[in-house]
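Peer 1: A predicted structure for the sequence below; I have some questions about it.
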Amino acid sequence: MRLLFFAAALATGTALVSGALAALLIRLSRRFHLNARPRADRWHHHSTPNTGGMAILGGCAIVYAAGAWGRSPVIAMAAAGMALLGFLDDRVELTPLVKLSGQCVAIMAVLSHGVVLRATASEAANLALTFLWIAGITNAFNLIDNVDGLCSGVTVIICAFRFWSALEHGDTEGALLLAILAGGFLGFLFFNYKPAKIFLGDGGSLFAGFTLSTLAIAAPVPQTRVFLSAIFCPALTFLYPIFDTVLVSTLRRAAGRPISVGGRDHSSHRLASLGLSEQKVVWLLWALTAAGSAAGLLTYAMPLEALAAGAILAVGVTVFGVFLGTLPSFALPQTAPAQATSIRRLIPTLRAGIILIVEALLAGVALLAAFLVRWDGSLLGPPLRQFLLSLPAVMGCQALSCLGFRTFNLGWRWFGARDLLTLGESSVLGAALAMLAVAASGVRSYSGVVILLYVFLLFCFGVGLRVSMSLLWQTLAPAPAGRRAAVLGADPSGELLVTVLQRHSGMDACPVLILDTDWASDHTRIDGIPVRYAGRNLAGILRQYKVEILML
């Protein structure tokens, strides 16, 4: 109890000092022009001080010297150096090579003093894993600093959960340092929450990421666990920064853009494109951070029991990532090199490619689940060999089946009975092709139980994915504004009109239906909008979809 009160005093003191320094720096930064100018890839529209990292560093340093001096001195010095590196980058815009070199120096400093994640029996592997972990989390926090209050709040939440874990495991030193760090960012958050009067800057975000990632592996808890727990627990704790970094990096590379070039395509920006206010976006991402941190805390306490909860959370985050990555507001390049014309005809958009990959992965998961059910949770011996040999064929055949049925055209926002039939046909055909491929390769044929389980689970996973997407749309996206419109023509011009109407709410029209004169297009979809054949019962179709306006 004495430790808890002392930590609370340290946090309160740091918050007061950090807040006072932030208020002072707001005035000084404007006087000395230490501001971040408005940019196309940022939210703010006015020149705003970006020296918040120095306020936090100053608050943490003063309280550390007064109440926690000598605790983890190497981490403290390296973290201060990282903050100063970020501050220098804010002022003169260091090249990526210079910035990375400075980060390497700080990371090597803590590695040389024994701050290493002992996850494997190989010291070289442990050193490499630790280096990648610290560098990755440090830069992940730099990436999520794109909305007022987001990075600061994420830091406070992670500190709070890790502080509780440190108390539970008797890590006094780590608990006190986390309390100081939480207080520094909490005091600053008062000035950083929308509308922000001052920004963290790289000095603050790099300081947060480096300190938290280093303290996570310096704690004695990870060193007492097996490899899965040593990796899984910290990964859950830092779930949101990792999620946003993977999402942005994957989509930028897929779109042919450098990862290092900023843009308004982070998870926060994508959520805002749905019409959510900036404050709602921040609170939603704070909630995701808290969920991941809580799962990580539970995994420390009961790793085997919490593994299922962590797996469910990971699946949910994956679905959330697919949802954000396929939003229509973020147009992905539709052009392709001349030599890729045939592939482009099969997979017309990057969105379709993402969905196709997810379908193939679902086939692999369904096969694994079918084997586990059939063999009572054990895959040792011949079942494991059979599974591994047939997995590529199963995933490939399901991808081919999805291409044939064009399941990537099934919308997330509207999902009906006809879509269920399409998914069922795709699952059955994919399974049939896979069984033929497995038999041709010489692998011992499956039992009927495995085949039936595989088809059933694959169908359920496909339906579950789309139902989840539909629920996300209904939960996050506001109700469409404007009159209910029917677009005439399922051709490129009609598709263009649908896209324009979806992205520009000021046109007072919301597309709910596409009418076409080609009967073959009946019951298909374009960008999630149902297409109906206009050659018969037109009046009934218009009444069914409550159409108020026709648009050419």
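Peer 2: All right, it came through fine. Keep in mind that this is a model prediction, so the values were computed, not measured. Numbers count the residues shown, from 1 in each chain.

Peer 1: Please name the strands paired to the strand ranked longest in the chain in the sheet, noting orientation.
Peer 2: Longest strand in the chain, counting residues (DSSP state E): strand 509-516. Strand pairing for strand 509-516, using DSSP bridges, gives strand 483-488 (parallel), strand 529-533 (parallel).

Peer 1: Rounded mean pLDDT for it, please.
Peer 2: What strand 509-516 shows for mean pLDDT is 87.

Peer 1: Return the set of buried residues in that strand.
Peer 2: 509, 510, 511, 512, 513, 514, 515, 516 (16 or more other C-beta atoms under 10 Å). In this view, the C-beta of every residue, glycine as well, is placed from N, C-alpha and C.

Peer 1: can you check stretch 449-457 too?
Peer 2: Neighbour-count burial for stretch 449-457 flags 450, 451, 453, 454, 455, 457 (criterion: 16+ other C-beta under 10 Å).

Peer 1: Please tell me how far residue 440 sits from residue 394.
Peer 2: Distance from residue 440 to residue 394, counting by C-beta to C-beta, to the nearest Å: 13 Å.

Peer 1: show me the contacts for residue 92.
Peer 2: Residue 92 sits next to no residue when contact means C-beta atoms under 8 Å, 6 or more residues apart in numbering.

Peer 1: coming back round to it: closest to residue 70 out of the strands paired with strand 509-516?
Peer 2: Closest of the strands paired with strand 509-516 to residue 70 is strand 529-533, at 64.7 Å (criterion: C-beta to C-beta).

Peer 1: could you point out which element follows that closest one?
Peer 2: Once the chain leaves strand 529-533, the next helix or strand it forms, by DSSP states H and E, is helix 538-544.

Peer 1: Give me the helices and strands touching that following helix, please.
Peer 2: In terms of contacts (3 or more C-beta pairs under 8 Å, 6 or more residues apart in numbering; DSSP states H and E), helix 538-544 is packed against strand 509-516.

Peer 1: Without its sequence neighbours, what residue ends up closest to residue 162?
Peer 2: Nearest non-adjacent residue to residue 162, counting by C-beta to C-beta, 6 or more residues apart in numbering: residue 178, 5.5 Å away.

Peer 1: got a pLDDT number for that neighbour?
Peer 2: 96.

Peer 1: re earlier: compare residue 440 and residue 394 (neighbour count), which wins?
Peer 2: Per other C-beta atoms under 10 Å, whichever of residue 440 and residue 394 has more neighbours is residue 394, with 27 against 9.

Peer 1: Go ahead and confirm the more buried one touches residue 363.
Peer 2: Yes: here residue 394 reaches residue 363: they are 5.5 Å apart, a contact under C-beta atoms under 8 Å.

Peer 1: for residue 50, what are its contacts?
Peer 2: Counted by C-beta under 8 Å, 6+ apart, residue 50 has contacts 29, 34, 35, 36, 90, 198, 199, 200, 201.

Peer 1: ok, the residue nearest to residue 495 when sequence neighbours are not counted to residue 70 distance?
Peer 2: Distances taken as C-beta to C-beta, 6+ apart put residue 526 closest to residue 495, at 5.3 Å, once the chain neighbours are dropped. Here the distance between residue 526 and residue 70 works out to 66 Å (C-beta to C-beta).

Peer 1: Tell me which of the two has more neighbours.
Peer 2: More neighbours surround residue 526 than the other of residue 526 and residue 70, with 20 against 9 (other C-beta under 10 Å).

Peer 1: Sketch out the helices for the stretch 1-150 of the chain, chain order is fine.
Peer 2: Assigned by DSSP state H, counting those that start in this stretch, the stretch 1-150 of the chain shows helices spanning 2-31, 52-67, 73-92, 96-112, 123-144, 150-168.

Peer 1: Which positions in the first one come out as buried?
Peer 2: Along helix 2-31, the positions that meet the burial threshold by neighbour count (16+ other C-beta under 10 Å) are 6-7, 10-11, 13-15, 17-19, 21-22, 25-26, 29.

Peer 1: Now do that helix against helix 52-67: the angle between them, please.
Peer 2: Put simply, helix 2-31 runs at 140 degrees to helix 52-67, going by axes from the mean of the first three to the mean of the last three C-alpha atoms, to 10 degrees.

Peer 1: Equivalent analysis for the fifth one, please.
Peer 2: On the basis of the same axes, to 10 degrees, helix 123-144 is oriented at 120 degrees to helix 52-67.

Peer 1: Contacts for helix 123-144, please.
Peer 2: Counting by C-beta under 8 Å, 6+ apart, 82, 86, 103-104, 107, 110-111, 115-120, 150-151, 154-155, 202, 205-206, 208-210, 212-214, 216-217, 234, 238, 240-242, 244-245, 248, 266, 268 sit against helix 123-144.

Peer 1: roughly how far apart are the residue nearest to residue 495 and residue 497?
Peer 2: Per C-beta to C-beta, residue 526 is found 10 Å from residue 497.

Peer 1: Check residue 273 too.
Peer 2: 20 Å.

Peer 1: Follow the chain on from the helix or strand of the chain with the lowest mean pLDDT and name the next helix or strand.
Peer 2: Here the helix or strand of the chain ranked lowest by mean pLDDT, DSSP states H and E is helix 341-346, holding a mean of 62. Under the assignment DSSP H and E, the closest C-terminal helix or strand after helix 341-346 is helix 350-374.
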